[in-house]
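return atomic coordinates for the entry below.
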Amino acid sequence: MKPAASSTSREQNGKPKGELHLPEGISIEDVQAALDRILASVTFARTERLSRLLRFVVTRTIEGQGEQLKEYLLGVEVFDRRQSYDPRIDPIVRVDAARLRSKLREYYEKEGRDDAVLIDFNKGSYVPTFQRAGPRVSEPAPIRLPSRPFADWKSGVLLLLVVVLGGFIYWTMVLYRRNSALERQLESSRPATRLPEFEPIWGRFFPLMLRILLSSGARCSFQPSSITCSCDLPASTIPPTF
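Here you go, the predicted model:
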């Protein structure tokens with residue numbers, strides 16, 4: 001039985017089958033090196049099926065067989081489908097091709113940011129394209145908006161008003177508490193009852209809350225120990241009846 005031809009076989013003259021058109025400045029070795037970096041990356045570390053698909057299409061392309069890369073061929077050669085494989089029923093090739101494009105974008109956004117040769121796919125095609133990476137465009141510096149003096153002035157005034165109002169409330173409470181304490185002290189030292197007879201003259205002479213029984217212009221003496229009062233009354237004065 002004759003063995004199947006290898007997908008990487010070359011003609012005797014060493015040239016790849018078919019025609020290969022690479023962009024100027026890119027060699028087959030450059031493409032192979034770019035492929036090896038992708039397959040060895042962390043991004044493709046756990047994507048065995050996607051890695052197999054990428055290796056197959058790139059290898060066939062640099063061998064000049066890119067025109068053979070059809071959905072049926074990939075289903076049989078890469079995904080081990082049987083000869084009866086029908087792409088209309090089994091969409092595995094289309095699904096994984098979309099995943100491969102997404103994975104390549106992820107790779108070039110991270111690990112492959114500095115790669116010189118880029119491998120990509122046109123939408124709807126399974127033939128890879130190769131191109132030189134263009135000069136990296138530096139990210140623009142963030143635009144700083146000019147400060148607005150009017151807004152800053154309003155903020156400052158508002159802050160000042162808050163501080164002044166807070167200080168006013170604080171000292172109002174302090175003074176209120178002090179006044180309340182003074183009033184309590186005065187109430188505790190003030191007599192329980194003040195008789196109107198002691199206001200405003202007699203109060204200084206009669207500090208005790210006693211009822212006035214006798215008022216005379218004569219000279220009187222009061223003895224607290226015996227609670228007696230004696231007065232030198234004029235002769236015409238008749239003492240009141242008690």
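
based on its surroundings, how many neighbours for Glu63?
Applying other C-beta atoms under 10 Å, we find 19 residues neighbouring Glu63. C-beta: built from backbone N, CA, C; applies to glycine.

please apply the same query to Leu22.
So Leu22, with other C-beta under 10 Å, has 16 neighbours.

distance of it relative to Glu109?
25 Å (C-beta to C-beta, to the nearest Å).

go on, Val42?
Distance from Val42 to Glu109, by C-beta to C-beta: 13 Å.

ranges for the helices of this structure?
Along the chain, counting by DSSP state H, helices occupy 28-39, 48-62, 71-77, 92-109, 149-189.

pLDDT value on Glu29, please?
Confidence at Glu29, expressed as pLDDT, is 95.

no wait, Glu77
95.

can you report how many residues lie near the nearest residue to it once chain neighbours are set aside?
With C-beta to C-beta, 6 or more residues apart in numbering as the criterion, Glu77 has its nearest non-adjacent residue at 6.5 Å, and that residue is Phe56. Under the neighbour criterion other C-beta under 10 Å, Phe56 is assigned a count of 17.

now Arg55
Applying other C-beta under 10 Å, we find 15 residues neighbouring Arg55.

that one contacts Gln32, doesn't it?
No - counting by C-beta atoms under 8 Å, Arg55 stays clear of Gln32, with 10.3 Å between them.

can you lay out the helices of the chain as TSV showing distance to Arg132?
Below are these laid out as TSV (distance: least, C-beta to C-beta, whole Å):
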stretch	distance to Arg132
helix 28-39	9
helix 48-62	16
helix 71-77	27
helix 92-109	13
helix 149-189	49
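
by mean pLDDT, show me the worst of those.
Comparing mean pLDDT over the helices of the chain, the weakest stretch is helix 149-189, at a mean of 80.
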